[in-house]
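*Asks:* show me how the following folds:
(chains A and B)
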There are 2 protein chains.
Amino acid sequence: MPTYRAPVKDTQFVLQAVVGLDRYANLPGFADATSDTVTAILEEGAKFCENVLAPLNLPGDQEGCARHADGSVTTPAGFKAAYDQFVAAGWGTLTASPDYGGQGLPHVVGTAIAEYLSSANMAFSMYPGLNEGAQAAISAVGSDAQKRTYLPKMVEGRWTGTMNLTEPQCGTDLGLIRTRAEPQADGTHRITGTKIFISAGEHDLSDNIIHLVLAKTTGAPDSVKGISLFIVPKFLVHDDGSLGARNGVVCGSIEHKMGIHANATCVMNYDGATGYLIGEEHKGLRAMFIMMNAARLGVGVQGLAQGEVAYQNAAIYARDRVQGKALGIVANDNAIPQAASKADPIIVHADVRRMLMDGRAFNEGARALILWGALQVDLAHKAATPDERQAADDLIGLLTPVIKGYCTDKGYEVATAAQQVYGGHGYITEWGMEQFVRDARIAQIYEGTNGIQAMDLVGRKLGLNGGRALRAYLALLAEMIADAKGDARLATLAGGLEKAVGELQAATMWLMTNAMAKPDNAGSAATAYLHLMGIVALGHMWLVMAQASHAALDTGPGDRDFYEHKLITARYFAERFLPDAGALRRKLEAGAEAVMALPAAAF
Amino acid sequence: MPTYRAPVKDTQFVLQAVVGLDRYANLPGFADATSDTVTAILEEGAKFCENVLAPLNLPGDQEGCARHADGSVTTPAGFKAAYDQFVAAGWGTLTASPDYGGQGLPHVVGTAIAEYLSSANMAFSMYPGLNEGAQAAISAVGSDAQKRTYLPKMVEGRWTGTMNLTEPQCGTDLGLIRTRAEPQADGTHRITGTKIFISAGEHDLSDNIIHLVLAKTTGAPDSVKGISLFIVPKFLVHDDGSLGARNGVVCGSIEHKMGIHANATCVMNYDGATGYLIGEEHKGLRAMFIMMNAARLGVGVQGLAQGEVAYQNAAIYARDRVQGKALGIVANDNAIPQAASKADPIIVHADVRRMLMDGRAFNEGARALILWGALQVDLAHKAATPDERQAADDLIGLLTPVIKGYCTDKGYEVATAAQQVYGGHGYITEWGMEQFVRDARIAQIYEGTNGIQAMDLVGRKLGLNGGRALRAYLALLAEMIADAKGDARLATLAGGLEKAVGELQAATMWLMTNAMAKPDNAGSAATAYLHLMGIVALGHMWLVMAQASHAALDTGPGDRDFYEHKLITARYFAERFLPDAGALRRKLEAGAEAVMALPAAAF
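*Replies:* Numbering: from 1, shown residues only, chains lettered A, B, ... in the order given. Coordinates of the predicted model:
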């Protein structure tokens, strides 16, 4: 059975060295996020995730969810008790507004905990995760009455929320939605239609489930311009907040799927259910994208989280499993090789190390990027000046598809490599490694496939406001690189990153020149471009972390090993990740001709 | 439910244009492999795979195998009947020696059929696949009496075979084997020990199961030098060939695992079972490697096979699923886009095409490489002169780890990308795409993990006989490139390949300079080097195929579309696969320092 240790120390390092949490103490919410408070939260969160959630992960996968004849759904043994603990400890309230019972802490703190939850038990973490997304939409576009009715209980966690977008004929292309909303005399709507792939759509964890549902009102344009958003509670809510009648929405079935078995993926049948318009009519997509952007960052966290927990277990196995003698001499490591033994722990083998170092370089870089991205979310709302807020919003808008797409593609790769470290045992269910791979796989698909992320980046985010976000990001990188190059110890890493940034700039220029007249050039370049920006984004983080590590080594005794290991991993990143930047550029510059040349019938 | 169409036409193209089957009609077995015969075999094989095996694949995965209290194992519904058909049609006899009831056809023909079997139903195909491996070992090192006793029924398929290497404490490092073989007065041995991960170790398809078991004889050195190979039949065999008593070997349990659920992965308990030494005492490893090398090529086939079937289904889905309007104009394709429709089939989207073209470029290239490799196996045994036999043996020895490692790594990637084309539906079991990914995953692990393949390539195959094999391979590539560069239409592809070969040569030189004194430089370079050689090997095949396609277009009307599409895919390969060669070289040239620098406790 796999284990999990929340990487509290590494989170603290990132919060201090990359995020610089203490610099923002003047902003709302940040004042409460003192170093002591954050440490206490991380340590308590670690305990809950390690001791309560992680042990339920493998059994939860094995048991899965069960749907009963009445449409009710039971989660695996132990999930309800764990969720009650989650609610009792207030884990869902961390970043929510104090107006509705939240603690109002920075998003960056909530994101750190989200990683731990997802590493420990991704399927479990999705129940509160979806709830948070639904709260975000209600907060953003709900009326005051709607906020008062739903948010306090959702924040507390006694009610949970869902997002209902997908229909059998309609995934990415929401213009194809058929679910209808018929206006009633009392101002409500009757919602009728079928939604599929609804994560946490039905379960036994909470007293009520608040569905946010995209539908077309009577007479609305039959396109994305005709979509509105509705609140459809599982149980209607009386004015005093108590639960009323069961609404006309029921779980028709749950999907059998590759992974996240302990999260119920539901077909939801709406049969004249009572729905409440939220936000403006026909502006449902805009509201949904508020949820979606937060959700996409959350999915990026899942990529990191599965990469991290899989890496941890692979490292344990590699230190423990004895097989083959070391080829080389492992310097400065008294533990291995044991000359007298017939075989050494497989961590002595360079190819095993390569897989572990790949995981480490990705996980630590991605953690920095994700928490730095979460800071931008905070700053976009809370920074002192409109310019600062705009700048942060630009950055996170640009990087959201990168965090979602790159971190989930690489997280899946890292989980697969960690499974590989186990050899044949990695393929066996009881070791738990294959579950990490199966669970990680969905993160590349949902909340907009990674291809959609790439198109969002190339087709929308790059050109937005005349390319303002990318220009600002490139300026930030250039400044950082120039600064680092002044330190001889950082020159190699900074030079490597500079080269990768050059590839990114050249690729951007190629897109500007070639994609306007021929949009397929954007489409055929998109995924490679996203990965190229992902490498640059992680390289940026590694440069920041390396600079901070040198500074720490220069100034105090501290935990010298920690910083020296950081510098080794930074070097590994430069040597093993950055070279792909040039190859990605060359691939995308090949353009769309060969990609599009075959007639459809030839495939 | 997914479907499968055996790519008969593409196989025929490769057999003609790459393998040049008709050039070898003077060699034993090849004379029977006339174009008509081969076509008939491929078409009959296609029917059996498409109509009998493929429909059992998804249900077989769902049902899995069942072990009963007496240690017997039942395969999923339909498997026994399908296997009876397999035996009745003689599919297991294709390449076996006529001395034992085989048809003696070239290995290259058997390999073509092996691809179809594995695409249609990988779990099913492993039962005859393991049988073939066991036959190879008996053929190579068995006594005449052993061959007469076992081979005819194994070739027919009424008996099947297995390979028993792995033990709980011993996977890659066979020196750690603990299974004991105690000599008896009658010349037999009593075999005692536990073997794990035994594919097809117990099942209900055949009348007897012939286990080939590695064990250490009493007093043997406790290392790889003390390992011997034994035949341990499930039922003892009387002198007249009839079955006698049940032997002391029983399936203790079957594993729950990520995929290939319909193939029983068994723990086999040997409790004083009667075993017959095969080959020389203490030379068991050599015999096992005869099986292993054939098996590794077979595993490479599995990588291709899962990539192919996953690609086929993704292509069907992409033509069928309607979502989003085309960004660009798809030239020469009357079917799409339909201007009046609200949405187009997703095959119009360049990023979807990219995933399909990746699959196509890999599958077609890998098919050529694998069949060309299979030809080398034939030539190594049957070519007219010792020099020709040696040259072929050198080539296939060098490329076996590449075919196993590169084709399974890429096959998994292609299957994953094909699943991605389905969006959320790809994650749902009933669509079958996630099974292809789960099944493909094992091929990277078993018969020596891909890391072991890489070490075999870099640590053993490169240096063997003073590097003779690599020199010959590089000379072959240089000649091919020089020849192709004379044709202006091939100049780009040939130039790209030449550059990739240059990266391979530089990487080889780096290894020669840096890996002798510091073996970890070999270990840390190995996987990147294997992938680099994989890209070159596929590039070689694409150049051959492009040349043949131009020749066909020049000389006759033929199926012009087929050859033109080949040329488009060749171009795609050059644009999208070759650029990785340089990045791989730079990664491996970074060396082992950062890979090995962390103390084991730091992971």
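
*Asks:* list the contacts for the residue in the stretch 501-603 of chain A positioned nearest to chain B?
*Replies:* Residue of the stretch 501-603 of chain A nearest chain B, by C-beta to the nearest C-beta: residue A:523 (2.9 Å). C-beta: built from backbone N, CA, C; applies to glycine. Applying C-beta atoms under 8 Å, 6 or more residues apart in numbering or on different chains, we find residue A:523 in contact with A:455, A:458-459, A:592, B:327-328, B:349-351, B:353-354.

*Asks:* now, which of those residues sits nearest residue B:216?
*Replies:* Among the contacts of residue A:523, residue B:354 lies closest to residue B:216 (C-beta to C-beta), at 52.3 Å.

*Asks:* what's the burial count for the closest one?
*Replies:* Residue B:354: 27 surrounding residues under other C-beta atoms under 10 Å in any protein chain shown.

*Asks:* about what we covered before: apart from its chain neighbours, what residue comes closest to the residue of the stretch 501-603 of chain A closest to chain B?
*Replies:* residue B:350 (2.9 Å; C-beta to C-beta, 6 or more residues apart in numbering or on different chains).

*Asks:* next: residue A:114.
*Replies:* Per C-beta to C-beta, 6+ apart, closest to residue A:114 is residue A:301, 5.1 Å.

*Asks:* am I right that that neighbour falls within a strand?
*Replies:* No: per DSSP: H, G, I helix; E, B strand; the rest coil, residue A:301 lies outside any strand segment and is helix.

*Asks:* can you tell me which of the contacts of residue A:523 are in strands?
*Replies:* Among these, DSSP state E puts none in strands.

*Asks:* and of those residues, the nearest to residue A:566?
*Replies:* Using C-beta to C-beta, residue A:458 comes nearest to residue A:566 of the contacts of residue A:523, at 32.7 Å.

*Asks:* just the strands in chain A please.
*Replies:* In chain A, the strands defined using DSSP E lie at A:66-67, A:73-74, A:159-164, A:180-183, A:189-199, A:208-217, A:227-233, A:235-237, A:243-246, A:249-254, A:265-278.

*Asks:* indicate which one of those strands is closest to residue B:243.
*Replies:* strand A:66-67 (45.7 Å).

*Asks:* among the strands of chain A, which comes closest to chain B?
*Replies:* Chain B lies closest, by C-beta to the nearest C-beta, to one member of the strands of chain A: strand A:189-199, at 4.8 Å.

*Asks:* which residues of the stretch 401-550 of chain A lie near chain B?
*Replies:* By C-beta under 8 Å from any C-beta of the partner chain, the residues of the stretch 401-550 of chain A that approach chain B are A:412, A:416, A:419-420, A:423-424, A:426-430, A:434, A:437-438, A:441-442, A:444-446, A:449-451, A:454-455, A:459, A:518-524, A:526-527.

*Asks:* neighbours of residue A:207, how many?
*Replies:* Neighbour number of residue A:207 under other C-beta under 10 Å is 12.

*Asks:* distance of it from chain B?
*Replies:* Between residue A:207 and chain B the computed distance is 28 Å (C-beta to the nearest C-beta, to the nearest Å).

*Asks:* can you check residue A:281 too?
*Replies:* With C-beta to the nearest C-beta as the criterion, residue A:281 and chain B are 21 Å apart.

*Asks:* re the thing from before, next, format the strands of chain A as a markdown table and append mean neighbour count and mean pLDDT.
*Replies:* Below are the strands of chain A laid out as a markdown table (neighbours: other C-beta atoms under 10 Å in any protein chain shown; pLDDT from 0 to 100):
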| stretch | mean neighbour count | mean pLDDT |
| --- | --- | --- |
| strand A:66-67 | 15 | 98 |
| strand A:73-74 | 18 | 98 |
| strand A:159-164 | 26 | 97 |
| strand A:180-183 | 18 | 98 |
| strand A:189-199 | 23 | 98 |
| strand A:208-217 | 25 | 98 |
| strand A:227-233 | 26 | 98 |
| strand A:235-237 | 17 | 98 |
| strand A:243-246 | 12 | 98 |
| strand A:249-254 | 20 | 98 |
| strand A:265-278 | 22 | 98 |
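
*Asks:* give me the pLDDT for residue A:336.
*Replies:* pLDDT for residue A:336: 59.

*Asks:* hmm, back to that, any idea which of the contacts of residue A:523 is least confident?
*Replies:* For the contacts of residue A:523, the pLDDT minimum is residue B:328, 66.

*Asks:* okay, the residue nearest to residue A:121 when sequence neighbours are not counted and chain B: tell me how far apart.
*Replies:* Of all residues not flanking residue A:121 in the chain, residue A:53 sits nearest, at 4.0 Å (C-beta to C-beta, 6+ apart). Residue A:53 sits at a distance of 22 Å from chain B (criterion: C-beta to the nearest C-beta).

*Asks:* would you confirm that residue A:53 contacts residue A:120?
*Replies:* Yes: counting by C-beta atoms under 8 Å, residue A:120 is a contact partner of residue A:53 at 3.9 Å.

*Asks:* ok, residue A:230 touching residue A:181?
*Replies:* Yes: contact criterion C-beta under 8 Å: residue A:230 and residue A:181 qualify, at 6.0 Å.

*Asks:* quick one: common contacting residues for these two?
*Replies:* What both residue A:230 and residue A:181 touch, as defined by C-beta under 8 Å, 6+ apart, is the set A:189, A:191, A:215, A:275, A:277.

*Asks:* out of these, what pair is the most spread apart?
*Replies:* The two members of those with the most space between them (C-beta to C-beta) are A:191 and A:277, at 10.4 Å.

*Asks:* before we move on, back to that, what is the nearest of the contacts of residue A:523 to residue B:147?
*Replies:* The closest of the contacts of residue A:523 to residue B:147 turns out to be residue B:354 (C-beta to C-beta; 51.2 Å).

*Asks:* give me the domain ranges for chain A.
*Replies:* The record assigns chain A these domain ranges, following automatic domain parsing: A:8-287, A:298-324+A:344-465, A:467-597.

*Asks:* pick the most buried one from those.
*Replies:* Mean neighbour count (mean count of other C-beta atoms under 10 Å in any protein chain shown) peaks for domain A:298-324+A:344-465 among the domains of chain A, with a mean of 24.

*Asks:* so what's the gap between that domain and the chain middle?
*Replies:* 8 Å (C-alpha atoms, centre = their mean, to the nearest Å).

*Asks:* tell me if I'm right that residue A:302 and residue A:440 touch.
*Replies:* Yes: assessed by C-beta under 8 Å, residue A:302 is found in contact with residue A:440 at 7.3 Å.

*Asks:* anything in contact with each of these two?
*Replies:* Shared contacts of residue A:302 and residue A:440, defined by C-beta under 8 Å, 6+ apart, are found at A:408, A:411.

*Asks:* got JSON lines for the shared contacts of residue A:230 and residue A:181, with distance to chain B too?
*Replies:* JSON lines is the format used below for the shared contacts of residue A:230 and residue A:181 (distance: C-beta to the nearest C-beta, whole Å):
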{"residue": "A:189", "distance to chain B": "24"}
{"residue": "A:191", "distance to chain B": "21"}
{"residue": "A:215", "distance to chain B": "17"}
{"residue": "A:275", "distance to chain B": "23"}
{"residue": "A:277", "distance to chain B": "25"}
